[in-house]
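1. I need the structure of the sequence given here:
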Amino acid sequence: MDTDLQGELEAAPPAERPRSKVALVMASITGAAAVGLTVVSWPFVAPAFRKVCLPYVPATTEQVMNVLRVLKGRSGPLVDLGSGDGRIVIAAAAVGFRSVGVELNPWLVLYSRLWARREGLAANAAFQRADLFSLDLSRYQNVVVFGVRQMMPRLEIKLAHQLSATGCVIACRFPLPTWRPSYVVGDGQDAVWVYFRQTGDEDAPEPVRRSSAGRS
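-> Now for the predicted structure:
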C-alpha cells in the first residue's frame, strides 16, 4: 500500500505541469492584452489628468457650416485649436484655406491626416500634435477654437498678445469671457462667437449679423 501511495505521489507533479503551462500562457496573454489596451486608450484618457481637460467632442454639421459662414469672404491661413478628428480643418481646406489643426491626441492627429489625404486635401490641410498654449498664433488670420470654459480666460490673454491686427477668432461652444463678440452665428450648442481685434459689427457679413439669420 505504501508503495502504491509513493507511486501516486511521484506521478502527480508531471500531471500538474500541463495545467501550470496553460495557466502561465493565459496569464501572459491577459497581461499583454491589458498592456495593449492601456497603450491604445492612454491618449484618450490622458487629458483627464491635465489641469484643464479638453475632451474630444466632434463638431456638429451645423457648427461646421456656421464656421464656414464666418469664413466666407475672408482669407489668410487658419488654425483650429483642439482640432479633434479634423473636420473643421478639412472643411476649410475644401473651400481654399490653408489650414492647420492642433491636437494633443496622436490618434486623432493620425486619423485627421488620413482623412485629409483621402479627400485629396493634404496640401492645404495639415495636422500637428502640440499644446495650443505653446503655439504662436500671430501667423494666423483665422483662429478657430473648440475649447472648454476653464481654458478660455487663459486663451483670451494669449490672443490679446498674439492675434494679428486683422485676425478673427471663431469660438465654438464657449465664448471668450470678457471680449465682446462682433456677432454670433447660430444658437444653442451650434452657436459660434466671432471676434475681431480692431474691427466691429460694420465688418460682419449682413446675412449673419443676428443669431437667427445664421441658419438662413
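2. Please report phi then psi for residue 83.
-> phi -80, psi -10 (degrees, to the nearest 10).
3. What sits closest to it if chain neighbours are left out?
-> Distances taken as CB to CB, 6 or more residues apart in numbering put residue 101 closest to residue 83, at 2.9 Å, once the chain neighbours are dropped. Every residue, glycine included, has its C-beta placed from N, CA and C.
4. How about residue 122?
-> Residue 122's closest residue in space is residue 116 (CB to CB, 6+ apart), at 4.9 Å.
5. after the host helix or strand of that neighbour comes which helix or strand?
-> Assigned by DSSP states H and E, residue 116 belongs to helix 106-118. Per DSSP H and E, helix 106-118 leads on to strand 125-129 as the next helix or strand towards the C-terminus.
6. so the residue nearest to residue 122 touches residue 93, yeah?
-> Yes. Look at residue 116 against residue 93 with CB atoms under 8 Å: they come within range, at 7.0 Å.
7. Identify the contacts common to the two.
-> Here residue 116 and residue 93 share the contacting residues residue 125, scored by CB atoms under 8 Å, 6 or more residues apart in numbering.
8. Return, as residue ranges, the portions of this protein with sub-threshold pLDDT.
-> 1-56, 198-216 (pLDDT under 70).
9. Please, where are all the helices along it?
-> Ranges of helices within the chain are 2-45, 61-71, 87-94, 106-118, 152-162, based on DSSP state H.
10. residue contacts, the residue nearest to residue 138 when sequence neighbours are not counted?
-> In this structure, residue 138 finds its nearest non-sequential neighbour in residue 162, 4.7 Å apart by CB to CB, 6+ apart. Residue 162 sits next to 136-138 when contact means CB under 8 Å, 6+ apart.
11. what do you get if the cut-off is 10 Å, keeping everything else the same?
-> Contacts for residue 162 (CB atoms under 10 Å, 6 or more residues apart in numbering) come out as 135-140, 143.
12. And the closest residue to residue 68 other than its chain neighbours, how far from residue 74?
-> Spatial nearest neighbour of residue 68, excluding adjacent residues (CB to CB, 6+ apart): residue 91 at 6.1 Å. Here residue 91 is placed at a distance of 14 Å from residue 74 (CB to CB, to the nearest Å).
13. So for those two, which sits in the more crowded spot?
-> More neighbours surround residue 91 than the other of residue 91 and residue 74, with 22 against 15 (other CB atoms under 10 Å).
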